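Engineer: sequence and predicted model, in that order:
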Amino acid sequence: QVQLVESGGGLVQPGGSLRLSCATNGLAFDSTTVGWFRQGPGKEREFVAALMHAVQRTDYSDSVKGRFTVSRDLAKNTDYLQMNSLKPEDTAIYYCAAEWGYRFDHRSDQSYTYWGQGTQVTVSS
């Protein structure tokens with residue numbers, strides 16, 4: 001059974017940094033697309049970033065480009081979302097998601113079968 005386990009959320013001041021982790025068992029990340037999404041209070045879930053392992057490409061939403069970075073550790077079968085220069089509007093529950101192969105429509109949450117449990121990120125002074 002495939003599981004995605006997230007960690008790394010918390011409370012941080014504006015301008016601070018956090019790193020989220022997304023670890024898996026039962027799914028080889030080197031054959032997948034891993035997406036990150038978030039859902040803020042009263043908002044719909046939105047795309048944040050993706051790492052498309054099969055084609056070695058990354059993609060970021062305009063709201064996080066230049067501040068967030070996705071990466072991976074193959075040995076640990078874990079993907080990371082490094083978040084810098086955090087803003088109060090980044091406050092949300094963050095989810096990682098995975099799907100086999102290259103996903104052209106990786107910005108859509110409908111493209112993913114496997115989801116993590118979500119982790120809360122709060123940016124506040």
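Structural biologist: Yes, it's here.

Engineer: name the nearest residue to the residue lying farthest from the centre of the chain, ignoring sequence neighbours.
Structural biologist: Largest separation from the mean C-alpha position in the chain: Ser125, at 23.6 Å (CA atoms, centre = their mean). Leaving aside its chain neighbours, Ser125 sits nearest to Gln13 (5.4 Å; criterion: CB to CB, 6 or more residues apart in numbering). Quick note: C-beta positions are derived from backbone N, CA and C, even for glycine.

Engineer: got the contact list for the one you found?
Structural biologist: Residues near Gln13 by CB atoms under 8 Å, 6 or more residues apart in numbering: Val123, Ser124, Ser125.

Engineer: follow-up on the earlier one: right, and the residue farthest from the centre of the chain touches Pro14 too?
Structural biologist: Yes. Using CB atoms under 8 Å, Ser125 makes contact with Pro14 at a distance of 5.9 Å.

Engineer: ranges for the strands of the chain?
Structural biologist: Remark: strands assigned in the chain by DSSP state E are 3-7, 10-12, 18-25, 32-39, 46-52, 57-60, 68-73, 78-83, 92-100, 114-115, 119-123.

Engineer: closest one to Ser108 among the ones you listed?
Structural biologist: Counting by CB to CB, Ser108 lies closest to strand 46-52 out of the strands of the chain; the figure is 7.6 Å.

Engineer: and the angle for the closest one with strand 32-39?
Structural biologist: For strand 46-52 against strand 32-39, the angle by axes from the mean of the first three to the mean of the last three CA atoms, to 10 degrees is 160 degrees.
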